[in-house]
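Asks: Everything below, folded, please.
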Amino acid sequence: MGEKKKYLKGQLLLDSGQLGGSFFQRTVVLICKHDTEGAFGLVLNRTVGKTVGEMIIADLPDVLKSSPLYLGGPVQPGALSYLHTDTFIPEADVLPNVSLGHSLDELIEIGESFSTAKRVRLFAGYAGWSPGQLENEMRAKAWVTFPATLDLVFETPPEQLWRKVLQFKGGWRNRLLAQLPEDLSWN
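Replies: The predicted model follows:
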């Protein structure tokens, strides 16, 4: 019997402690697409340090302009992606009621719509893996996985996300990893 492929769409990938010194040190990546052609994800816990309005020259609604801009990954930092949720999104393609978008026109439509349940996160760049690359990194135990939730994606403060998810995951190794200082020389 052949081995069934395990795709990670809808999962969070967390640095397992092996990615020190790389772009992905202490990151939490939401895998938005994963299939035989590779994987696409967005780093949830790195902000650019500026608002969308300061970084993107477009006629966006004020609610979007005042939002923080996240650094989605090291690939194509000029590429715009966004995650959005609302009460009900029947065509959700990442998680139930969470969709990925890249169209500026659709983003403006989302920003202009009224809904108290609407959440949007905008990203510059993305994390990408060629066919088999993410699977190799998983075999090397570079990443820890955890199921994504709306709360983790949209509500948890980015600076707390990596530690919080490791603590949720449990196990002595994850709890220990969550407590380590970023620079072990501080210990």
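
Asks: residue boundaries of the helices in the chain?
Replies: Secondary structure of the chain (DSSP state H): helices at 52-55, 62-65, 104-112, 133-139, 150, 158-169, 172-179.

Asks: For those helices, which has the smallest mean pLDDT value?
Replies: Note on the helices of the chain: helix 172-179 shows the lowest mean pLDDT, a mean of 80.

Asks: so where is the protein shaky, pLDDT-wise?
Replies: Low-confidence segments of the chain, defined by pLDDT under 70: 1-5, 182-187.

Asks: Could you rerun that using 50?
Replies: 1-2, 185-187 (pLDDT under 50).

Asks: Which of the helices of the chain sits closest to Thr27?
Replies: helix 158-169 (7.1 Å; CB to CB). For the C-beta atoms, the positions are set from N, CA and C on the backbone; glycine is no exception.

Asks: buried sites along the closest one?
Replies: For helix 158-169, a neighbour-count test (16 or more other CB atoms under 10 Å) marks Leu161, Trp162, Arg163, Lys164, Val165, Leu166, Lys169 as buried.

Asks: Kindly report the same for stretch 96-109.
Replies: Residues of stretch 96-109 classed as buried: Asn97, Val98, Ser99, Leu100, Gly101, Leu107 (neighbour count, 16+ other CB under 10 Å).

Asks: I figured the fifth one hits Leu107, correct?
Replies: This points to Gly101. Yes - using CB atoms under 8 Å, Gly101 makes contact with Leu107 at a distance of 6.2 Å.

Asks: hey, what's in contact with both of these two?
Replies: Tyr82 (CB atoms under 8 Å, 6 or more residues apart in numbering).

Asks: so how far is Ile56 from the nearest residue to Ile110 once chain neighbours are set aside?
Replies: Once flanking residues are discounted, Ile110 sits nearest to His84: 5.4 Å by CB to CB, 6 or more residues apart in numbering. Per CB to CB, to the nearest Å, His84 is found 16 Å from Ile56.

Asks: So these two - more neighbours on which side?
Replies: His84 (23 against 17; other CB atoms under 10 Å).

Asks: Which strand residues bridge that one?
Replies: With DSSP bridges as the criterion, His84 is bridged to Ser99, Val120.

Asks: can you redo the buried residues of helix 158-169 as a markdown table with distance to Leu80?
Replies: Converted to a markdown table, these look like this (distance: CB to CB, whole Å):
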| residue | distance to Leu80 |
| --- | --- |
| Leu161 | 22 |
| Trp162 | 24 |
| Arg163 | 28 |
| Lys164 | 27 |
| Val165 | 26 |
| Leu166 | 30 |
| Lys169 | 31 |
